[in-house]
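J.: Can you look at this prediction? I've put the sequence above it.
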Amino acid sequence: CIIISNSVPVLQGGGIYNDGAFGGNATLTVANSALSGNVAGDGGGIFNDGESGSATLLIVGTSLNSNSVSSGGGAIYNEGDGGGNGTLIVSNSFISGNSAAFGGGIFIINGSNGAVNVQIVNSTLSSNSANFFFNGFGGGLYAGGATLTIANSVLSDNTADGSGGALYSECPSGSATVQILSSTLTNNSANKGGGVYNEAREGTATLTITNSSVNGNFAGSGGGIFVSGFNGTATVQIASSILSSNSANSSGGGIYVGSAALTIANSTLSGNSADTAGGIYNDGQSSSGTVSLTDSTLSGNAANFDGGAVYNNGAQSGHATLQIANSALIENSASETGGGIYNNGENGGSATVILTRSTLGGNSAVSGAGIFNDGFEGSASLRVNSSTLSSNLVADAGGAIYNDAGRGFASVAITNSTLSGNVASNS
């Protein structure tokens, strides 16, 4: 089946409209087909409408290419609203070159009291775009209040002029859950969240990434991933995954965490870069942010200013907590301070770093090659337990640790640890 070049410029479903609204139950299967060049207001290729009813859309072995809309869902628009249910399953399919203001490839929305469940399996979303006067969201996908699973798939070369190059997920209220399993997100770009943007606007937003790769993505902030608690609760769990060669013009080359909780286990962040925080930016400024790393490696990350691997920011009455256990921070660099970690509790805020059974080695900076602990007009606390800081190289002072109270409070406690072979090159 080939459906091409149909046009309903201000309406829905340029190619197909599947309507289960108003108590209906509609099921549509599109298999081994192509939908290309269709135009609509929403859902350029297909509009799946489960408002106050039930609509199920199955896409199998199909390509949706070069469809476009003025609003949401360049290729597909999937909706559940008014107590309705919108279900979308995409498998072994290609969605590429589609465009929209929101959800260049796919737009998923859960309205009032609805339910939206989406699975994308063994599929590719590539070169889709979301552009709307620098407020386009979700180059590949936009998911609002949905339950979304992406498995064994590739999201590549998607762009958004606002947030979420590959994926934009938000929770307007209630809860939203996104799982990314055994998938690759590469070469996507946006202003925030080159790979993924995850926000809890009012409710609870949970993002889980397992056995996946997030690499080569770019953004202003959060080159790989941007997560924001906003007025809700946002959590991100990353396990057995690799985040590499992502970059940001501003902060968080690998990951930007804003007033949220991030847990990383058995993973690697390498070769990421930004002006501030080459690897991870934990922003608890005026709020709170928590990052926990276990059995993981941060290596070769670079910052043009501070925090080569991690910048832990609890400034301005906020609080930031960074816990690192059984992990290694190796050969990270900062052109100014904190080659491994910059712990910032300045201006009335507080920041805490707890380092346990871990290694910081071969990191470099002008000051505080291993760790820069900054309590300027605030409070910074550093605890080093059963760890090793070795062969870190600093141009000025503090090869392993630089502790700076600066009209505030800065404390360091070191227990059962080894500091060896660190060098201050000006000495």
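T.: Nice, I can see it.
J.: hey, let's count contacts and neighbours off CA atoms from now on
T.: Will do.
J.: residues contacting the residue nearest to the spatial centre of the chain?
T.: The chain has Ile225 as the residue nearest its centroid, 2.0 Å off, counting by C-alpha atoms, centre = their mean. The contact partners of Ile225, by C-alpha atoms under 8 Å, 6 or more residues apart in numbering, come to 193-198, 254-256.
J.: Make a markdown table out of the residues you listed and add neighbour count.
T.: Putting the contacts of Ile225 into a markdown table (neighbours: other C-alpha atoms under 10 Å) gives the following:
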| residue | neighbour count |
| --- | --- |
| Gly193 | 36 |
| Gly194 | 44 |
| Gly195 | 40 |
| Val196 | 32 |
| Tyr197 | 28 |
| Asn198 | 29 |
| Gly254 | 40 |
| Ile255 | 32 |
| Tyr256 | 30 |
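J.: In CSV: those, plus secondary structure.
T.: Converted to CSV, these look like this (DSSP: H, G, I helix; E, B strand; the rest coil):
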residue, secondary structure
Gly193, coil
Gly194, coil
Gly195, coil
Val196, strand
Tyr197, strand
Asn198, strand
Gly254, coil
Ile255, strand
Tyr256, strand
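J.: can you list those in JSON lines and add distance to Asn32 and pLDDT?
T.: Written out in JSON lines, the entries for the contacts of Ile225 read as follows (distance: C-alpha to C-alpha, whole Å; pLDDT from 0 to 100):
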{"residue": "Gly193", "distance to Asn32": "33", "pLDDT": "98"}
{"residue": "Gly194", "distance to Asn32": "31", "pLDDT": "98"}
{"residue": "Gly195", "distance to Asn32": "29", "pLDDT": "98"}
{"residue": "Val196", "distance to Asn32": "29", "pLDDT": "98"}
{"residue": "Tyr197", "distance to Asn32": "32", "pLDDT": "98"}
{"residue": "Asn198", "distance to Asn32": "33", "pLDDT": "97"}
{"residue": "Gly254", "distance to Asn32": "37", "pLDDT": "98"}
{"residue": "Ile255", "distance to Asn32": "38", "pLDDT": "98"}
{"residue": "Tyr256", "distance to Asn32": "40", "pLDDT": "98"}
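J.: in the stretch 101-250 of the chain, which ranges drop under the pLDDT threshold?
T.: Segments of the stretch 101-250 of the chain classed as low confidence (criterion: pLDDT under 70) are 112.
J.: Does Ala219 belong to a helix, a strand or coil?
T.: Secondary structure state of Ala219, per three-state DSSP, is strand.
J.: my read: it touches Ala190, true?
T.: Yes: the criterion here is C-alpha atoms under 8 Å, and Ala219 meets it with Ala190 at 4.9 Å.
J.: partners of the residue nearest to the centre of the chain in the sheet?
T.: With DSSP bridges applied, the residues forming beta bridges to Ile225 are Val196, Ile255.
J.: Please apply the same query to the one 10 residues further on.
T.: Note on Thr235: beta-bridge partners Thr206, Ala261, judged by DSSP bridges.
J.: Same check on the one 4 residues further on?
T.: Under DSSP bridges, the beta-bridge partners of Ala239 are Thr210, Ala265.
J.: Does Val154 touch Thr124 like I think?
T.: Yes: distance between Val154 and Thr124: 4.8 Å, which falls inside the contact criterion (C-alpha under 8 Å).
J.: Farthest-apart pair in the contacts of Ile225, please.
T.: Distances among those were taken as C-alpha to C-alpha; the most separated pair is Asn198 and Gly254, at 14.2 Å.
J.: re the thing from before, out of the contacts of Ile225, the closest to Thr235 would be?
T.: Closest to Thr235 out of these is Asn198 (8.8 Å), distances taken as C-alpha to C-alpha.
J.: which residues sit in contact with that closest one?
T.: Taking C-alpha under 8 Å, 6+ apart as the contact definition, Asn198 lies against 168-170, 205, 207, 225-228, 234.
J.: just to revisit the earlier point, measure the residue nearest to the centre of the chain to Ala205 for me?
T.: Note on Ile225: its distance to Ala205, by C-alpha to C-alpha, to the nearest Å, is 14 Å.
J.: same check, this time on Gly23
T.: Taken as C-alpha to C-alpha, the span from Gly23 to Ala205 is 29 Å.
J.: Between the two, which has more neighbouring residues?
T.: Ala205 (30 against 14; other C-alpha atoms under 10 Å).
J.: so that one sits right up against Gln237, yeah?
T.: No: when contacts are counted by C-alpha under 8 Å, Ala205 is not listed as touching Gln237 (11.4 Å).
J.: ok, back up a step: can I get the contacts of Ile225 in CSV including distance to Ile280?
T.: Shown next, in CSV, are these (distance: C-alpha to C-alpha, whole Å):
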residue, distance to Ile280
Gly193, 13
Gly194, 14
Gly195, 14
Val196, 14
Tyr197, 15
Asn198, 15
Gly254, 6
Ile255, 5
Tyr256, 6
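J.: Leu64 and Ser96 touch, don't they?
T.: Yes: with contact defined as C-alpha under 8 Å, Leu64 counts as touching Ser96 (6.5 Å).
J.: could the contacts of Asn198 go into TSV alongside distance to Asn158?
T.: Listed next are the contacts of Asn198 as TSV, based on distance: C-alpha to C-alpha, whole Å:
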residue	distance to Asn158
Tyr168	11
Ser169	15
Glu170	18
Ala205	22
Leu207	19
Ile225	14
Phe226	16
Val227	19
Ser228	21
Ala234	24
